[in-house]
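Engineer: just coords:
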């Protein structure tokens, strides 16, 4: 049965994982996402569904546990926050290379280094430009509400198994720590081992009963074979771009100016749009829901309609590069963001739009680009 | 209807749980809610604050600079959040420990002796419910029956026997919130 | 003339287990890995568990173990095999899960994963091949490289003052309550190989009985890395490795041998 609850984003994600029939969660505590493993340990999912929850000795061990579980065709996930995700990147690269389905959650905090425990979106590059070594991409979902924290768990596993590829849920401290109303889906049954072997037996290592052996590896010492593997990966990413791109347009129909923002920044920017509209500024919001694939075409098309675009991010200017690439310099594109764990206010965003885009609309963007951080 | 509130005070005053009960109460009357805490070391006795939004519509930003109502429970929070009340908005504060009282004249200001009343009632833990009562008196955004439902949802079942005490505290708060006039205060001083 | 003309079934006295593939081994002639592989596969074959076994290959010389072991296998990142095996065993408790790791993998980069999987008493088998050197990358110093022993990164011999003493990881993990069986062996002679096989068998029996973690160290040679001939390397191993890494049981049925 569906259930309405008031929950933190982290808790909603954890509960959704149990309800999605996830087989294994492997994690290591780090602020601001520790509620995920705490919730799972408290809920005793081993009694509810048989789900295995294990606190690993490190983020590195946790991601490799996910690798092991995923090797056997099980639904496995881990979660962490920025410094911990840095540690997991080797394992994430292996998951991509070995073509394994898995879900990784990053509840981002500020960096670099130990940084701050406060919200941030400074892991955009790390998430969409590889992060780990080699030619791979992650399918990246960016939730902007507690409801999406819950819903994206199942969506992420669907994509992970559709492509046999790792999927990242890129949240942040704000979405993870805030509480909102959430409708939880009914409990899905975990797959039995027999069902799993039926479905994933052509590739998963489950013991070679009644078939030739399966091998999971990311190693190809023969260059031609390795290139074929990379090409296979690229094909998947192309297909993701065609079939599984997600974004949302808010107030864009008559927009003269555009704000682009994802996750928590999108929520705050939406308020800035409301404030702007109240002042008579025709501003709209484009919210990428997937960061890879990226809504390049939607941006390219909107660039014909609007006079300028402001990329609002809780970082020093990362996604703005993809916005510029997408619009191919048709209109000025500027970045606005706060760092250090400071969250920009709707008022600040509107002011930045007015100063950087509306007032400077006639100036070519490169002239105003020197300082993009407040 | 949208009500944007910031509740700010010391960790341990029940700031976050007061926000949670308020949010649950609004859910009971089918409203949208968001509850956005400050988090981290604040939990260990520093300042804590939470932004709560109740609305009939989808809530955009859960994080705000300007709010309809600020409920302020210590001096640090007064210094920080007096400015965040929108003109015509409401500031409610407990004068206990406040050395620099609010000075704005473009907002409505109320005092409630929450700390004193809680100690008179012999239970410091109901402090936040007294404050909530005071707030609901001047801004009845949620009905008392929905607060009781909200309480049931947000506290574990083994403490449900304490609900009458909480209701008593809310009533106490409702009966003891008083307007505070900045001009008079300055004159008296 | 074909191989089948030379080796006729009726003339066959010994044969390799069918759980070894026909791929030619990537190991240097004289290396102990081939024997260690074969013994492991023989045990699995003889126990009739080949369809219920999942192996985890490491990074190092035996990274391609899955090319030779004809069972379901997954290849782990460097040092992480015990973490990978942990999850497999937790999600498939009825399966036989083992890792096959070298000294760099298990006792250097993967020390944390090794110790914690052992400490949790995961119901798995760890086969640890210790040849005191990094073979795959061409003979660099390993955590188990002996004092004074030369390698490409200790060209003047391992200086224990600056490089630490060779790590007795096996004795270390034997002290953990979660570890049920620890035994150290060699595979360079028939006699030693028979003993090693018995130990490997006991280890997989422990998995069958759900006893927890079994850890088999195989002290082996690396004639290439040691810059010796195979025979010479085996003699050197007996004279130098065995005194520091003495063969025999270290912990049996959860009880430390004194």
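Structural biologist: Now that the structure is in, tell me what you want to look at. It should be emphasised that the depicted structure is a prediction, and the values quoted were computed from it without experimental measurement. Numbering: from 1, shown residues only, chains lettered A, B, ... in the order given.
Engineer: not counting residues beside it along the chain, what's closest to residue C:181?
Structural biologist: Spatial nearest neighbour of residue C:181, chain neighbours left out: residue C:214 (4.1 Å); criterion: C-beta to C-beta, 6 or more residues apart in numbering or on different chains. All C-beta atoms are positioned from the backbone trio N, CA, C, and that covers glycine.
Engineer: the residue nearest the centre of chain B: what secondary structure?
Structural biologist: Centroid-nearest residue in chain B: residue B:71, 4.4 Å away (criterion: C-alpha atoms, centre = their mean). Following DSSP: H, G, I helix; E, B strand; the rest coil, residue B:71 is assigned to strand.
Engineer: before we move on, the earlier item: what's the burial count for the residue nearest to residue C:181?
Structural biologist: Residues contacting residue C:214 under the criterion other C-beta atoms under 10 Å in any protein chain shown number 25.
Engineer: and it, that one's in a strand?
Structural biologist: Yes: assigned with three-state DSSP, residue C:214 falls within a strand.
Engineer: confidence score at it?
Structural biologist: The per-residue pLDDT reported for residue C:214 equals 98.
Engineer: contacting residues for it?
Structural biologist: When contacts are counted by C-beta atoms under 8 Å, 6 or more residues apart in numbering or on different chains, residue C:214 touches C:124, C:125, C:126, C:179, C:180, C:181, C:182, C:202, C:203, C:204, C:206, C:207.
Engineer: grab the nearest non-local neighbour of residue A:153.
Structural biologist: Residue A:153's closest residue in space is residue A:16 (C-beta to C-beta, 6+ apart), at 4.2 Å.
Engineer: next secondary structure after the helix or strand containing that neighbour?
Structural biologist: Assigned by DSSP states H and E, residue A:16 belongs to helix A:9-19. From helix A:9-19 onward toward the C-terminus, using DSSP H and E, the following helix or strand is strand A:24-27.
Engineer: and the residue in the stretch 101-250 of chain A positioned nearest to chain B, bridged to which residues?
Structural biologist: Chain B sits closest to residue A:179 of the stretch 101-250 of chain A, with a gap of 3.8 Å, by C-beta to the nearest C-beta. Note on residue A:179: beta-bridge partners by DSSP bridges are residue A:8, residue B:35.
Engineer: OK, now which residue of the stretch 101-250 of chain C is nearest to chain A?
Structural biologist: Nearest to chain A in the stretch 101-250 of chain C, going by C-beta to the nearest C-beta, is residue C:116, at a distance of 3.9 Å.
Engineer: name the nearest residue to that residue, ignoring sequence neighbours.
Structural biologist: In space, residue C:116 comes closest to residue A:57 once its chain neighbours are excluded; the distance is 3.9 Å by C-beta to C-beta, 6+ apart.
Engineer: quick check, pLDDT for residue B:156.
Structural biologist: pLDDT at residue B:156 comes out at 85.
Engineer: before we move on, what about the one 5 residues further on?
Structural biologist: At residue B:161, the pLDDT value in this model is 91.
Engineer: again with residue C:89
Structural biologist: 98.
Engineer: dump the residue contacts of it.
Structural biologist: Residue C:89 is in contact with C:95, C:97, C:122, C:123, C:124, counting by C-beta under 8 Å, 6+ apart.
Engineer: which helix or which strand is home to the third one?
Structural biologist: Meaning residue C:122. Judged by DSSP H and E, residue C:122 forms part of no helix or strand.
Engineer: what about it, how many residues close to it?
Structural biologist: 25.
Engineer: and for residue A:111, the neighbour number?
Structural biologist: Neighbours of residue A:111 using other C-beta under 10 Å come to 19.
Engineer: again, but for residue C:243
Structural biologist: 9.
Engineer: do the one 3 residues further on as well
Structural biologist: When neighbours are counted by other C-beta under 10 Å, residue C:246 registers 12.
Engineer: now it. Nearest residue, chain neighbours left out?
Structural biologist: With C-beta to C-beta, 6+ apart as the criterion, residue C:246 has its nearest non-adjacent residue at 7.0 Å, and that residue is residue C:184.
Engineer: and the helix or strand hosting that neighbour, average pLDDT?
Structural biologist: If you go by DSSP H and E, residue C:184 is part of strand C:179-186. When pLDDT is averaged along strand C:179-186, the result is 98.
Engineer: partners of it in the sheet?
Structural biologist: strand C:213-219 (parallel), strand C:248-252 (antiparallel).
Engineer: one step back: okay if I get the contacts of residue C:89 as a markdown table plus distance to residue C:222?
Structural biologist: Listed next are those as a markdown table, based on distance: C-beta to C-beta, whole Å:
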| residue | distance to residue C:222 |
| --- | --- |
| C:95 | 32 |
| C:97 | 27 |
| C:122 | 28 |
| C:123 | 31 |
| C:124 | 26 |
